[in-house]
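A.B. asks: Provided below are the primary sequence and the corresponding predicted coordinates.
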Amino acid sequence: MEAEQQKPQRPRRKAQKRRIDDEAAASAAAAAAAVLSPLGSADADDDNEDDEGSVGPEICCRQSQVAVAREVRTQVDALHHCFSWRHADRATAKRATSVLAELAKNEEMVNVIVEGGAVPALVCHLKVPHMAAAVEEEQQPRPFEHEVEKGAAFALGLLAVKPEHQQLIVDAGALPLLVSLLRRHKNATNSRAVNSLIRRAADAITNLAHENSNIKTCIRIEGGIPPLVELLESQDIKVQRAAAGALRTLAFKNDENKTLIVDCNALPTLILMLRSEDAAIHYEAVGVIGNLVHSSPNIKKEVLNAGALQPVIGLLSSCCTESQREAALLLGQFASADSECKVHIVQRGAVRPLIDMLQSADFQLREMSAFALGRLAQDTHNQAGIAYNGGLLPLLKLLDSKNGSLQHNAAFALYGVADNEDYVSDFVKVGGVQKLQDGEFIVQATKDCVAKTLKRLEEKINGRVLKHLVYLMRVGEKSVQRRVALALAHLCAPEDQRTIFIDNNGLDLLLDLLVSGSSKHQQDGSVALYKLANKAAALSPMDAAPPSPTPQVYLGEQYVNSSTLSDVTFLVEGKRFYAHRIALLASSDAFRAMFDGGYREKDARDIEIPNIRWDVFELMMRVSRSNQ
């Protein structure tokens, strides 16, 4: 069971503003020309409408705000006076909506456009004019059918990018008209024009609802969710994508909207979309599903029962990094449902791609995969799978991250893996204990998690785990032997010290570190020896040896390397270190043997100490003084 304080930091899932594309170079050029010419090329067809990625002239960058304000007023006046089916009026309305949309692409001009009264004028043109009473509806021509409404929806969607304008657009009556546009495909003859209109309406709804809970609720009340669900089955891929993008936003942090989307039977289609070869389609679909299941256990179960698990796992190998991120996040959410689901995710092949993602150059990809692995690692079988597939090293590497969330998710995953005694030796072998001890962790939750991981490892150092580690310390490569010795110095039980460090030469490995050319090795060895000494001193009175009859002498910090009353000098790297025999006799068995035994140094005034660095020797002498 996951400890509450150990839960990983869930990466935030945000609703997304619809990325409104420039539909055509020709259309943009026509709009720009309209600013300079009374009629421009307003009658031109949008034959190149679907050539995405082309960028029209940035007219607003060449005009001052005063000129833009003047142009906005001109176009707004035109919209107020051309609401009819007359060809000239429709041409004027089309041109005006195109110009306003083109201007609105520059966010710096959005306020100027809104202040110029564009919102009510554009909302008015979301609906079509009334038919002339004297002419039968079927016979009356409809110039630029769907085009004016599309331009108005496009412009309003761009204006809604700024949160402060969202409510203004809604108050002007845009929502019911936009919802009505979503249904226009049912009676349309020109499917291409209608599809383009529907996309613009869906995009406008997405931007209006972005991080605005009230407007999300209003869209549901206006009946906007059922037609959006229907549009998921459109034959036009771009319509599918726009509808999914709107549903994704509407489902974000709105439980009533989530429930209605599911009740409208959106799940089967969304799951089919997960398998689409179009990256934009499966990215939006996995985003909708992710927002539906977030904080909704019942919907999570429905999504799993509908067969979403395998296609979501498949997205981990997508060429679209956005889809990979969403899939990893969604699997993390699935994994928190129950233990059985955790096992199923691993059984179906999620671990290997998730571990590969840990090494991605994309920061968010690493974060999402660490989040998913952290959830999966709370199951014993999954812990083995993560370690066996090479997850330890990349997770340990993420502890070096400067991002607190990424660090914490990696630490939580390691906390899980450390619970499996089959892989404790691997954890130690790759240097995991030193990594946990040396890490600089940003948030307190991560520090607590690391402390609990070290405690968990310490509890496993017994029985067959200890035997395996001792075996590695004898026969492993030198680097592995050192890592094991260092880890055991910190984690082994006091009663196992003799077996590890005397009988199996662990002490020699630690002492070798003191004469290493690496200052890091010297420091690690010194700290490990100090830890061993403290453990030995902490033994209970029944187990501890009787106190030494040798009187304890403490001369004080000021006498460390002081020539005052010094009666022995050590020569280290050509430099003199002044000491006092009485203090050394009292502080160390080794010095006691040197000065009290039969060694030649017994009466020497100067004693050369080879094969040790000055700073290491000084640290050792200070430690020995502090233990007096």
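C.D. replies: Everything's here; your move.

A.B. asks: show me where the stretch 451-600 of the chain has helices.
C.D. replies: 463-475, 478-491, 497, 506-514, 519-537, 581-587, 589-596 (DSSP state H, counting those that start in this stretch).

A.B. asks: Grab the nearest non-local neighbour of Cys449.
C.D. replies: By the measure of C-beta to C-beta, 6 or more residues apart in numbering, the closest residue to Cys449 outside its immediate chain neighbours is Ala411, 4.5 Å from it. (Each C-beta comes from the backbone N, C-alpha and C, glycine too.)

A.B. asks: what's around the one you found, how many residues?
C.D. replies: Neighbour count for Ala411, taken as other C-beta atoms under 10 Å: 30.

A.B. asks: what do you get for Gln235?
C.D. replies: Gln235 has 8 nearby residues by other C-beta under 10 Å.

A.B. asks: Leu197: which element?
C.D. replies: helix 191-209 (DSSP states H and E).

A.B. asks: Now that helix: buried residues?
C.D. replies: When burial is assessed from 16 or more other C-beta atoms under 10 Å, helix 191-209 yields the following buried residues: 193-209.

A.B. asks: got the contact list for the residue nearest the centre of the chain?
C.D. replies: Centroid-nearest residue in the chain, with C-alpha atoms, centre = their mean: Glu367, separated by 3.4 Å. By C-beta atoms under 8 Å, 6 or more residues apart in numbering, Glu367 lies in contact with Pro11, Asn403, Ser405, Leu406, Asn409.

A.B. asks: Let me know the helix or strand that the last one is in.
C.D. replies: Applying DSSP H and E as the criterion places Asn409 in helix 404-417.

A.B. asks: got the buried residues for the helix or strand following that helix?
C.D. replies: Counting by DSSP H and E, the next helix or strand C-terminal to helix 404-417 is helix 424-429. Buried positions in helix 424-429, judged by neighbour count with 16+ other C-beta under 10 Å: Val424, Ser425, Asp426, Phe427, Val428, Lys429.

A.B. asks: what does helix 424-429 contact?
C.D. replies: Contact with helix 424-429 is made by 387, 392, 414, 417-418, 433, 457, 460-461, 465, 468-469, 472, 476, 480, 483-484, 487, as judged by C-beta under 8 Å, 6+ apart.

A.B. asks: Now the buried members of those residues.
C.D. replies: 387, 392, 414, 417-418, 433, 457, 460-461, 465, 468-469, 472, 480, 483-484, 487.

A.B. asks: need the helix or strand of the protein with the lowest average pLDDT.
C.D. replies: helix 25-36 (a mean of 42; mean pLDDT, DSSP states H and E).

A.B. asks: then the next helix or strand after that helix to CSV, C-alphas only?
C.D. replies: Downstream of helix 25-36, the first helix or strand assigned by DSSP H and E is helix 65-80. The C-alpha trace of helix 65-80 is given here as CSV (Å, rounded to 0.1, in the frame of the first residue of the first chain):
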residue,chain,number,x,y,z
GLN,A,65,-2.2,51.0,-33.2
VAL,A,66,-4.0,54.2,-34.3
ALA,A,67,-4.2,52.9,-37.8
VAL,A,68,-5.4,49.5,-36.6
ALA,A,69,-8.0,51.1,-34.4
ARG,A,70,-9.2,53.1,-37.4
GLU,A,71,-9.3,50.0,-39.6
VAL,A,72,-11.2,48.1,-36.9
ARG,A,73,-13.9,50.8,-36.7
THR,A,74,-14.2,50.7,-40.5
GLN,A,75,-14.7,46.9,-40.5
VAL,A,76,-17.1,47.0,-37.5
ASP,A,77,-19.2,49.6,-39.2
ALA,A,78,-19.3,47.5,-42.3
LEU,A,79,-20.5,44.5,-40.3
HIS,A,80,-23.3,46.5,-38.8
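
A.B. asks: Distance from the chain centre to helix 65-80, please.
C.D. replies: Distance of helix 65-80 from the chain centroid (C-alpha atoms, centre = their mean, to the nearest Å) equals 44 Å.

A.B. asks: can you pull the buried residues of that helix?
C.D. replies: For helix 65-80, the neighbour count (16+ other C-beta under 10 Å) marks Val68, Ala69, Glu71, Val72, Gln75, Val76, Ala78, Leu79 as buried.

A.B. asks: again with stretch 494-501
C.D. replies: Across stretch 494-501, burial judged by 16+ other C-beta under 10 Å covers Pro494, Asp496, Gln497, Ile500, Phe501.

A.B. asks: And the nearest residue to the last one once chain neighbours are set aside, how close does it get to Lys460?
C.D. replies: Put plainly, it is Phe501. Using C-beta to C-beta, 6+ apart and skipping the chain neighbours, the partner closest in space to Phe501 is Leu507 (4.2 Å). Distance of Leu507 to Lys460, given as C-beta to C-beta, to the nearest Å: 23 Å.

A.B. asks: how's this structure carved up into domains?
C.D. replies: 318-458, 461-539, 552-625 (the TED database).

A.B. asks: average pLDDT across the first one?
C.D. replies: When pLDDT is averaged along domain 318-458, the result is 93.

A.B. asks: if we can go back for a sec, ok, then the element right after the helix holding Leu197?
C.D. replies: Next in line after helix 191-209, if elements are assigned by DSSP H and E, sits helix 213-221.

A.B. asks: and that next one, C-alpha only, in CSV?
C.D. replies: C-alpha atoms of helix 213-221 as CSV (Å, rounded to 0.1, in the frame of the first residue of the first chain):
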residue,chain,number,x,y,z
SER,A,213,-15.1,26.8,-15.2
ASN,A,214,-18.2,29.0,-15.5
ILE,A,215,-18.1,29.0,-19.3
LYS,A,216,-17.5,25.3,-19.4
THR,A,217,-20.7,24.9,-17.5
CYS,A,218,-22.5,27.3,-19.8
ILE,A,219,-21.5,25.3,-22.8
ARG,A,220,-22.9,22.2,-21.3
ILE,A,221,-26.2,24.0,-20.5
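
A.B. asks: Can you list the buried residues in that helix?
C.D. replies: For helix 213-221, the neighbour count (16+ other C-beta under 10 Å) marks Ile215, Lys216, Cys218, Ile219, Arg220 as buried.

A.B. asks: Hey, what's the angle from that helix to helix 191-209? Just curious.
C.D. replies: 140 degrees (axes from the mean of the first three to the mean of the last three C-alpha atoms, to 10 degrees).

A.B. asks: If I look at Ala44, what pLDDT would I see?
C.D. replies: Per the predicted model, pLDDT is 37 at Ala44.

A.B. asks: Hmm, I typed the wrong one, I wanted Ala579.
C.D. replies: Ala579 is given a pLDDT of 85.

A.B. asks: Report the contact partners of it.
C.D. replies: Contacts of Ala579 (C-beta under 8 Å, 6+ apart): Asn561, Ser566, Val568, Thr569, Phe570, Met621.
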